[in-house]
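Peer 1: Show me the folded form of this:
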Amino acid sequence: MDINIKINELNVDEIISCLNTVENPYYLIENYEDYAKKIVKLAKTICIRNEDNKPISFILYYDNQDDIFISMVWTDKLHQGKSYAQQLLTYIIDNTYKDIVLEVSKSNPAVKLYSKLKFQIIEADEANYRMKYCKRLSIMQPYCFPYIGYFNLIEASEKIIFYDDVNFINRGWINRNRITVNGKDYMFTIPLQNQSQNKLINEIKPLINDKFKNKFVKQLEMAYPYSPNKSEIIDRIKILLDNEYNSIALLAVNTIKLVYDYIGISFQYEMSSINSPQTKGMEKADRLISICKENNYKNYINPIGGIELYSKEYFRTKSINLNYLKAKSRKYKQNSTEFIPFLSIIDIMMNNNREDIISMMRDYDII
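Peer 2: Numbers count the residues shown, from 1 in each chain. A predicted model of the protein is given here:
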């Protein structure tokens, strides 16, 4: 069936008729007619209809405050499990600059869907969650196989812009990270051609020759001989390194994409050199603010390390809300008797299942 999303076409009778089909609802509405009339008068509707023009899934929501508030998500029981509600939610997300709030019963299976779409629990009582989708932007230099905090930043954002047109940092994390070898942390480094802090990240090329590939693969095989996911992870890394990259920035982004492909979820990203080259040369804070505005974001999130660099008050004077992300040192299965925090994502992938990886990626504090 071709999906045709209809905006503000539901009438009072259709809403009442659909709600009357619900068994054991997760919401309490005393009078369906009064509710439907209020929705049609004050709120917005978005729906999917079948070939007979009957609604089979809809969302009712208010868009007259700072945040969108979703009042109702409904799908006909004969059409549940077909991702219609997800498509409608995604449509709303993609067509607004506002944050989105909803309330849901803790026992409602839809909680899984909302979490999948990055709605976060902001309040809870005995029976319900209040969840929020935050329209946040993050901006960060691309790192190869970064640590879990980097993925926390991506998951806390709607979109990340990879800062590829800023200066390279020698002995930084762009081309280096740590794994465990014999119970101790070990730094691996991806070789580069003519690296210099006087060059932009996207101007430096990685040197991925057979010698490096064989050495790196052997290091991983020796470091994780009994890890349950060793074969699949190493095979994916081999395929990654068999490709050519004209900059370390592109290789780094592809290491991050490898992780998301492995766990089976998606993320939005762009490169700053393509998204906002006109901002290059601006002062650090002003460039971040300018990129946020050009991308229609009012919320910007930065790693906690920038708390000494950027002032929330300064961002606020420019109509941008600044928050900081603090990664958690959450323990997980590791090839080490004494837990070593903040290693490369490779270490987590080798020893943990996909659900646990996603859970760790979405476990962080926002300040």
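Peer 1: Break this structure down into its domains, please.
Peer 2: Domain segmentation of the chain under automatic domain parsing yields 5-133, 137-366.
Peer 1: where does the stretch 1-150 of the chain have low pLDDT?
Peer 2: 1-2 (pLDDT under 70).
Peer 1: Pull the contacting residues for residue 142.
Peer 2: 162, 163, 164, 174, 201, 248, 249, 252, 253, 256 (Cβ atoms under 8 Å, 6 or more residues apart in numbering). For the C-beta atoms, the positions are set from N, CA and C on the backbone; glycine is no exception.
Peer 1: if I read this right, residue 165 contacts residue 277, doesn't it?
Peer 2: Yes. Using Cβ atoms under 8 Å, residue 165 is in contact with residue 277, at 6.7 Å.
Peer 1: Please identify which of these two sits among more neighbours.
Peer 2: residue 165 (20 against 11; other Cβ atoms under 10 Å).
Peer 1: can you map out the helices along this protein?
Peer 2: 12-19, 32-42, 84-94, 110-116, 148-155, 210-223, 230-241, 248-263, 272-275, 284-294, 312-317, 345-351, 354-361 (DSSP state H).
Peer 1: Poorly predicted segments of the stretch 151-300 of the chain, please.
Peer 2: Judged by pLDDT under 70, no stretch of the stretch 151-300 of the chain qualifies at all.
Peer 1: center of the chain - which residue?
Peer 2: residue 155 (3.1 Å; Cα atoms, centre = their mean).
Peer 1: just checking, that one touches residue 361?
Peer 2: Yes. Using Cβ under 8 Å, residue 155 is in contact with residue 361, at 4.9 Å.
Peer 1: Identify the contacts common to these two.
Peer 2: With Cβ under 8 Å, 6+ apart as the test, residue 155 and residue 361 reach no residue in common.
Peer 1: ok so, going back, okay, the helices of the chain in a markdown table with distance to residue 125 next?
Peer 2: Listed next are those as a markdown table, based on distance: least, Cβ to Cβ, whole Å:
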| stretch | distance to residue 125 |
| --- | --- |
| helix 12-19 | 24 |
| helix 32-42 | 22 |
| helix 84-94 | 23 |
| helix 110-116 | 14 |
| helix 148-155 | 25 |
| helix 210-223 | 46 |
| helix 230-241 | 41 |
| helix 248-263 | 31 |
| helix 272-275 | 41 |
| helix 284-294 | 34 |
| helix 312-317 | 30 |
| helix 345-351 | 33 |
| helix 354-361 | 23 |
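Peer 1: from these, which stretch is densest packed?
Peer 2: helix 345-351 (a mean of 25; mean count of other Cβ atoms under 10 Å).
Peer 1: other SSEs contacting it?
Peer 2: Contacts defined by 3 or more Cβ pairs under 8 Å, 6 or more residues apart in numbering; DSSP states H and E place helix 345-351 against helix 148-155, strand 176-181, helix 230-241, helix 248-263, helix 354-361.
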